[in-house]
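# got a sequence here, can you model it:
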Amino acid sequence: MNVLVDHNLRGHSVVLAGSLAASGWLELVYIRFVLFEEIGLEVNSSDRVVWQCAHYGFAPYLLVDQPQV
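Numbering: from 1, shown residues only. Down below sits the predicted model:
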């Protein structure tokens, strides 16, 4: 499974991947964390563009919940 990682969670995804590997999960389930730049997304891409990209190939999308303004 590919998981698109929000640019704000880059460091957290490294820690999560390490925890999954250490606990043996990556031997059972294929999980790949994909960063924005790997698929040509700009860090400042609109939410619509990011969600469309996640929906059409990289769901789920790991993100920080941002408060509504």
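# bridging residues for residue 35?
Beta-bridge pairing of residue 35 under DSSP bridges involves residue 5.
# how many other residues sit next to it?
By other C-beta atoms under 10 Å, 15 other residues sit near residue 35. No exception for glycine: its C-beta is placed from N, CA and C like everyone else's.
# ok, it touching residue 7?
Yes: Residue 35 is in contact with residue 7 according to C-beta atoms under 8 Å; the separation is 7.3 Å.
# show me the shaky parts of the protein.
58-69 (pLDDT under 70).
# pretty sure residue 57 contacts residue 3?
No: counting by C-beta under 8 Å, residue 57 stays clear of residue 3, with 11.4 Å between them.
# show me what counts as buried in the longest helix anywhere in the chain.
Longest helix in the chain by number of residues (criterion: DSSP state H): helix 10-22. Applying a neighbour-count criterion of 16 or more other C-beta atoms under 10 Å, one finds 13, 16, 17, 20 buried in helix 10-22.
# turn these into CSV, including distance to residue 51.
Output for the buried residues of helix 10-22, formatted as CSV (distance: C-beta to C-beta, whole Å):
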residue, distance to residue 51
13, 18
16, 21
17, 23
20, 24
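# residue contacts, residue 11?
By C-beta atoms under 8 Å, 6 or more residues apart in numbering, no residues touch residue 11.
# what distance separates the opening and closing residues of stretch 30-48?
Stretch 30-48 has an end-to-end distance of 27 Å (C-alpha to C-alpha, to the nearest Å).
# try stretch 50-57
11 Å.
# over to stretch 17-31?
End-to-end distance for stretch 17-31: 8 Å, by C-alpha to C-alpha.
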